[in-house]
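K.L.:
return a 3D structure for these sequence lines:
(one chain, ligands or ions: 2)
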Amino acid sequence: MSMIAAFYGGKSILITGATGFLGKVLIEKLCRTSPDLKVIYILVRPKAGHTLQQRVSQIINSKLFEKVREVCPNVHEKIRAISADLNQNDFAISKEDMQELLSCTNIIFHCAATVRFDDHLRHAVQLNVTATQQLLFMASQMPKLEAFIHISTAFSNCNLKHIDEVIYPCSVEPKKIIDSMEWWDDAIVDEIAPKLMGDWPNTYTYTKALGEMVVQQESGNLNIAIIRPSIVGATWQEPFPGWVDNLNGPNGMIVAAGRGFLRAIRASPLAVADLIPVDTVINLTLAVGWYTAVHRPKSTLIYHCTSGNLNPCNWGKMGCQVLSTFEKIPFEKAFRRPHADFTANTITVHYRNAVSHRAPAMIYDIYLWLTGRKPRMTKLMNRLLRTISMLEYFINRSWEWSTYNTEMLMSELSPEDQRIFNFDVRQLNWLEYIENYVLGVKKYLLKEDMAGIPEAKQHLRRLQNIYYLFNTVFFLIAWRLLIARSQIARNVWFFIVSFCYKFLSYFRASSTLKA
Ligand SMILES: CCCCCCCCCCCCCCCCCCCC(=O)SCCNC(=O)CCNC(=O)[C@H](O)C(C)(C)COP(=O)(O)OP(=O)(O)OC[C@H]1O[C@@H](n2cnc3c(N)ncnc32)[C@H](O)[C@@H]1OP(=O)(O)O
Ligand SMILES: NC(=O)C1=CN([C@@H]2O[C@H](COP(=O)(O)OP(=O)(O)OC[C@H]3O[C@@H](n4cnc5c(N)ncnc54)[C@H](OP(=O)(O)O)[C@@H]3O)[C@@H](O)[C@H]2O)C=CC1
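P.N.:
Ligands and ions are numbered 1, 2, ... in the order given. Predicted coordinates:
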């Protein structure tokens, strides 16, 4: 019998960020392994014309929840959506709902965050710091609370090279920043942001570091743990391999490479690609929830959920496997044949951006314009290059994260729990994982049918022929222009033509003699 699964039986669990990438996998695993849990409260905001109930139904009726619907047919009754906006005071939760949450909650998983790298500092502080502070305040009023699990990121200290499972202080106290945000206007925030952020590359990683400090400072008597995942990727094993549903992190790059937009990226092929499957993160999260509640460690434990020190894979190997998977499983509607490489040299990057990214986009836009359609490729390409520029920081460096607490927890689990809540990345076969990842991007993110593969291959062959034709025409025009302007080019051309003529004459003469 799984101790972890049994632990969640009969429990009331509060989840923030439940509609997000990690949140969905968390609910799925909880409902599948502990169908006898009492209730999962999820704090959800109505969005894009969808009511709360519609948002929940969309999740429960999705492919990801296929197994859950079998194991726990009354899953609709287990999930109680509470209208909440984490940007508002008291999260804009109604009095009755708040009362129920305060009196019933046993475990909190705090996943909500803004994960955008370019978010305005004010918004990032509001969600990643102030909302965390407010949630901790709510937690302190929950008599039945057994554990508060905060999801942070392994990159909250990306300004360091070696990172231990401890909280590192930021130079300015989070409380001061929260207070200042109330009276600083946007112009002041914009001016002061780079000074506050120092050597953090973006508002996301900086505010996640502040969020951890808040957790430490406001922990009081709460039983808290922090989980720091690195770059979270598609599912490895559960509920099925390759599930992914957003364009964050590597996903967008895989789409861009598979559709032939991405041709070159500034990256160190030997830098460690610290990817971690989302189901591994969730298994660790549930194990940490159990351990924190049952063993009540004396201090707040931090768990690194990373792959680099236990089973490293570098960007070079990952990129090769992504590209070789496209050969077998091409994406539909490719702009060009997938071919991309990593380059470390800045001049080469500028050259490749001009020749391999911007020029084809402009040529295609001219073609669209000439055929009476709206040009769009240059805009799309600029967006891609902007995204790449934000990701570059993470693919040109390696970090070392120690994993003592994570390994300690692994050894505390029963063999049954080690199997059901597996977070041992040493068992991960990268080549197989990446192949399933690319397949998952095609099936679950791009929603492409596998039956379309022959047509996609045919399309790539057509693109290849267009590429050869374009290059030949381009070469001939360039050569013709050169000959018209340069005596040297004319001499070379004369030499080549006369050489070919002599060779052909000799070949013809010798074959006539033989006959
Ligand atoms: C040699 C072979 C190469 C083969 C590929 C190999 C893969 C290598 C990849 C390397 C990737 C490394 C990634 C490292 C990441 C480190 C992460 C740290 C971990 C974390 O803790 S947090 C989670 C990560 N967070 C993110 O990834 C968020 C990043 N996103 C943003 O910050 C913003 O979205 C961004 C990129 C600034 C764009 O902002 P904006 O221009 O305002 O666009 P929108 O977000 O509003 O979206 C508009 C539009 O664009 C679509 N979109 C968004 N992102 C992408 C994308 N990456 N690729 C393609 N399209 C994207 C979005 O869906 C919208 O479309 P609409 O149709 O709705 O308009
Ligand atoms: N994905 C990754 O690679 C990594 C993620 N993490 C961490 O994991 C956690 C989850 O990330 P992930 O699932 O990828 O993020 P997503 O962007 O997929 O999900 C974010 C969640 O937060 C919710 N949310 C955002 N703003 C509000 C608000 N004002 N009120 C209520 N809910 C809100 C979103 O709700 P809505 O659907 O309404 O927008 C969504 O459910 C984060 O803490 C992140 O820092 C850490 C390392 C890597």
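K.L.:
name the residues of the helix or strand L385 falls within that are buried.
P.N.:
If you go by DSSP states H and E, L385 is part of helix 377-395. By neighbour count on 16 or more other C-beta atoms under 10 Å, the buried set for helix 377-395 is M377, M381, L384, L385, T387, I388, L391, F394, I395. Every C-beta, even on glycine, is put in place using the N, C-alpha and C of the backbone.
K.L.:
stretch 163-182 too?
P.N.:
Applying 16+ other C-beta under 10 Å to stretch 163-182 flags I163, D164, E165, I167, C170, P174, K175, I177, I178, S180, M181 as buried.
K.L.:
same check, this time on stretch 304-314
P.N.:
Those would be H304, C305, T306, S307, G308, N309, C313, N314, for stretch 304-314 by 16+ other C-beta under 10 Å.
K.L.:
now for the buried residues of helix 377-395: which two are most distant?
P.N.:
M377 and F394 (26.5 Å; C-beta to C-beta).
K.L.:
can you pull the contacts of the residue lying closest to R397 once chain neighbours are set aside?
P.N.:
Nearest residue to R397 in three dimensions, chain neighbours excluded: A271, at 6.0 Å (C-beta to C-beta, 6 or more residues apart in numbering). Applying C-beta atoms under 8 Å, 6 or more residues apart in numbering to A271 gives the contacts N314, W315, I395, N396, R397, S398.
K.L.:
tell me, how many residues neighbour the fourth one?
P.N.:
N396 sits with 15 neighbouring residues when counted by other C-beta atoms under 10 Å.
K.L.:
again with the second one
P.N.:
Neighbour count of W315, defined by other C-beta under 10 Å: 22.
K.L.:
now W290: which helix or strand?
P.N.:
Using DSSP H and E, W290 sits within helix 278-295.
K.L.:
for L196, same thing?
P.N.:
With DSSP H and E as the criterion, L196 is inside helix 186-197.
K.L.:
can you name the element that comes right after the one helix or strand A456 maps to?
P.N.:
A456 is part of helix 453-485, with elements assigned from DSSP H and E. Using DSSP H and E, the next helix or strand after helix 453-485 towards the C-terminus is helix 487-514.
K.L.:
now do that following helix: distance to the chain's middle.
P.N.:
In terms of C-alpha atoms, centre = their mean, to the nearest Å, the centre of helix 487-514 is set 58 Å apart from its chain centre.
K.L.:
what angle sits between it and helix 453-485?
P.N.:
110 degrees (axes from the mean of the first three to the mean of the last three C-alpha atoms, to 10 degrees).
K.L.:
buried set for helix 487-514?
P.N.:
Of the residues in helix 487-514, none is buried (16+ other C-beta under 10 Å).
K.L.:
may I have the secondary structure class of the nearest residue to L222 once chain neighbours are set aside?
P.N.:
In space, and not counting its chain neighbours, L222 is closest to F148: 5.2 Å by C-beta to C-beta, 6+ apart. Secondary structure state of F148, per DSSP: H, G, I helix; E, B strand; the rest coil, is strand.
K.L.:
what about the residue of the stretch 251-400 of the chain found nearest ligand 1, how many residues nearby?
P.N.:
Going by C-beta to the nearest ligand atom, ligand 1 is nearest to G252 of the stretch 251-400 of the chain, at 2.2 Å. Here the number of neighbours of G252 (other C-beta under 10 Å) works out to 19.
K.L.:
from ligand 2, how far out is it?
P.N.:
Distance of G252 to ligand 2, given as C-beta to the nearest ligand atom, to the nearest Å: 12 Å.
K.L.:
helix, strand or coil for that residue?
P.N.:
helix.
K.L.:
does it touch T387 like I think?
P.N.:
Yes - at 6.2 Å, G252 counts as touching T387 under the criterion of C-beta atoms under 8 Å.
K.L.:
in stretch 348-362, what's buried?
P.N.:
Quick answer for stretch 348-362 (16+ other C-beta under 10 Å): V349, R352, N353, S356, H357, R358, P360, A361.
K.L.:
how about the residue of the stretch 351-500 of the chain found nearest ligand 2, what does it touch?
P.N.:
Residue nearest to ligand 2 within the stretch 351-500 of the chain: F394 (10.2 Å; C-beta to the nearest ligand atom). The neighbours of F394, taking C-beta under 8 Å, 6+ apart as the test, are F155, C158, I231.
K.L.:
any quick ChimeraX command for the buried ones out of those residues?
P.N.:
Those of these that count as buried under 16+ other C-beta under 10 Å are selected in ChimeraX with:
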select :155,158,231
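K.L.:
in TSV, list the contacts of F394 along with distance to ligand 2, pLDDT and secondary structure.
P.N.:
Below are the contacts of F394 laid out as TSV (distance: C-beta to the nearest ligand atom, whole Å; pLDDT from 0 to 100; DSSP: H, G, I helix; E, B strand; the rest coil):
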residue	distance to ligand 2	pLDDT	secondary structure
F155	7	98	helix
C158	11	97	coil
I231	5	98	strand
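K.L.:
any stretches of the chain with poor pLDDT?
P.N.:
512-515 (pLDDT under 70).
K.L.:
excluding covalently adjacent residues, which one is nearest to the residue in the chain positioned nearest to ligand 2?
P.N.:
Per C-beta to the nearest ligand atom, G20 is where the chain lies closest to ligand 2, at 2.1 Å. Of all residues not flanking G20 in the chain, C111 sits nearest, at 6.1 Å (C-beta to C-beta, 6+ apart).
K.L.:
check K161 too.
P.N.:
Closest to K161 by C-beta to C-beta, 6+ apart is W399, at 6.3 Å.
K.L.:
do A5 as well
P.N.:
T33 (4.4 Å).
K.L.:
surely K161 and V272 touch.
P.N.:
No - between K161 and V272 there is no contact under C-beta under 8 Å: 11.7 Å.
K.L.:
many thanks, we can stop here.
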